[in-house]
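>>> coords please:
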Amino acid sequence: MSATKRKLTTLGKSLPHLTKQPIPYFKPGVKSLRLDLAPKNAHWGARHFLKDDLPRIAYANPDVTYQVNKFRQFTREDPWKPSLQLEFADGTKRDIEVDGKRSEEIMKDVMKLAGGLKPTPTAPST
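As a prediction, this is how the structure comes out:
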């Protein structure tokens, strides 16, 4: 008798991608990440980063606030550039150049600036 095949749930499909190595842990001082981009027809590297890399970052760093703003490109003659900004607990903000970059390059730049070791779990105080 053969075992019946079961469909994977959405979580079952997503979990291997979210936990893909290396896991993108941030330093403890990272407070927020903001990404501004066009929803279509431009900013392909930033859009790919949003789809593939940002969910992994958010899964590994649940205490960080994430904000994604999608703005329309009004004219081809006057385009605007996508932007990514990291804010740290001490109030400093660092911009990362994402215009014309591939998502892998954006991820490397983010991890170079904010990457850290796996956080150690703390024991609950009683």
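>>> buried ones in the longest helix seen in the chain?
Counting residues, the longest helix found in the chain (DSSP state H) is helix 103-114. For helix 103-114, burial by neighbour count (16 or more other C-beta atoms under 10 Å) applies to Ser103, Ile106, Met107, Asp109, Val110, Met111, Leu113, Ala114. Where C-beta positions appear, they are placed from N, C-alpha and C, glycine not excepted.
>>> Columns distance to Ala42 on top of those residues, output as JSON lines?
JSON lines is the format used below for those (distance: C-beta to C-beta, whole Å):
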{"residue": "Ser103", "distance to Ala42": "14"}
{"residue": "Ile106", "distance to Ala42": "15"}
{"residue": "Met107", "distance to Ala42": "19"}
{"residue": "Asp109", "distance to Ala42": "19"}
{"residue": "Val110", "distance to Ala42": "20"}
{"residue": "Met111", "distance to Ala42": "25"}
{"residue": "Leu113", "distance to Ala42": "24"}
{"residue": "Ala114", "distance to Ala42": "25"}
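>>> Save these as JSON lines, and put in pLDDT too.
JSON lines is the format used below for the buried residues of helix 103-114 (pLDDT from 0 to 100):
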{"residue": "Ser103", "pLDDT": "91"}
{"residue": "Ile106", "pLDDT": "93"}
{"residue": "Met107", "pLDDT": "91"}
{"residue": "Asp109", "pLDDT": "93"}
{"residue": "Val110", "pLDDT": "92"}
{"residue": "Met111", "pLDDT": "91"}
{"residue": "Leu113", "pLDDT": "90"}
{"residue": "Ala114", "pLDDT": "89"}
